[in-house]
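Colleague: 3D, please:
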Amino acid sequence: MAIDAAVRIESRAAFFDGVKCDGPETMLIGWVIHPISLSHKPILKKMSSGGYTVINYFDAPDIKERLRDIVELLRFHHIDMDRLLCVRSTKSQSQGTIARIHGLGRIWQHAMKCKPTYIVEVLSERFDELNREQQNWTLIHELLHIPKNFGGGFLHHKNHVNKQNVEIWYTRYRQKLEEL
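Modeller: All right, here's what the predicted structure looks like:
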């Protein structure tokens, strides 16, 4: 199957580690067509030059802890930290991207009998080079994409997640840190 060539995963159990699902009948759907691997196995991505690059994904517990602190300080009570996963990727060919957020959309939730889940991905080559303040600004930016209903969807850049709003929340974050 074409998807099997693109996603290198050795076992369904490794793939679903950290993803809460209710039934084994739904695993096959996620196994066949799920777009991201959390099993530390590489995903091959075709480059425009015709060659392949290997994107690697790793758990990012350090990012999870920082996000937990940000969520607590800014009182983002709508964010369920048990359903916010964090990964660090390497060798992405994405241009200008420092971090991104992925959501488990409603069709996936229904088919896999899962609750909404989000993944914050930081692109190591760019994110790790930033100073701590720039990293925190970026993490707040990604959190602002999560709607109040925590339903798997996104708030987009045009109306909500823009430089002005991120700066407002980042300023609040710094003020809260100073109060501690």
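
Colleague: Just give me the longest helix of the chain.
Modeller: helix 163-179 (DSSP state H).

Colleague: And the contacts of stretch 139-158?
Modeller: Stretch 139-158 is contacted from outside by 63, 66-67, 70-71, 74, 76, 78-80, 83, 99-101, 103-106, 108-109, 116-118, 120, 160-161, 165-166, 169-170, 173, using Cβ atoms under 8 Å, 6 or more residues apart in numbering. Where C-beta positions appear, they are placed from N, C-alpha and C, glycine not excepted.

Colleague: now with 7 Å?
Modeller: Stretch 139-158 has contacts (Cβ atoms under 7 Å, 6 or more residues apart in numbering) with 66-67, 70-71, 76, 78-80, 99, 101, 103-106, 109, 116, 118, 120, 160-161, 165-166, 169-170, 173.

Colleague: How about stretch 72-91?
Modeller: 18, 38, 53-60, 63-64, 67-68, 71, 115-125, 143, 146, 148, 150, 169, 172-173, 176-177.

Colleague: circling back: tell me which of the contacts of stretch 139-158 fall in helices.
Modeller: Arg66, Leu67, Ile70, Val71, Arg106, Gln109, Asn165, Val166, Trp169, Tyr170, Tyr173.

Colleague: does Ser92 sit in a helix, a strand or a coil?
Modeller: coil (DSSP: H, G, I helix; E, B strand; the rest coil).

Colleague: I'd assumed Val122 was in contact with it.
Modeller: No - using Cβ atoms under 7 Å, Ser92 is not in contact with Val122, being 10.3 Å away.

Colleague: In terms of neighbours, single out the busier of these two.
Modeller: Val122 (25 against 18; other Cβ atoms under 10 Å).

Colleague: So the more buried one versus Lys115, what's the distance?
Modeller: 23 Å (Cβ to Cβ, to the nearest Å).

Colleague: what does Ser124 give?
Modeller: From Ser124 to Lys115 the distance is 28 Å (Cβ to Cβ).

Colleague: count of neighbours near Phe76?
Modeller: Quick note: Phe76 (other Cβ under 10 Å) scores 18 neighbours.

Colleague: same deal with Gln175?
Modeller: Gln175 has 10 nearby residues by other Cβ under 10 Å.

Colleague: And Thr97, by the same measure?
Modeller: 14.

Colleague: can you tell me the helix or strand for it?
Modeller: Following DSSP states H and E, there is no helix or strand that holds Thr97.

Colleague: coming back round to it: buried subset of the contacts of stretch 72-91, written for ChimeraX?
Modeller: Selecting only the buried entries of these in ChimeraX, with 16 or more other Cβ atoms under 10 Å as the criterion:
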select :38,55,56,57,59,60,63,64,67,71,115,116,117,118,119,120,121,122,123,124,143,146,150,169,173
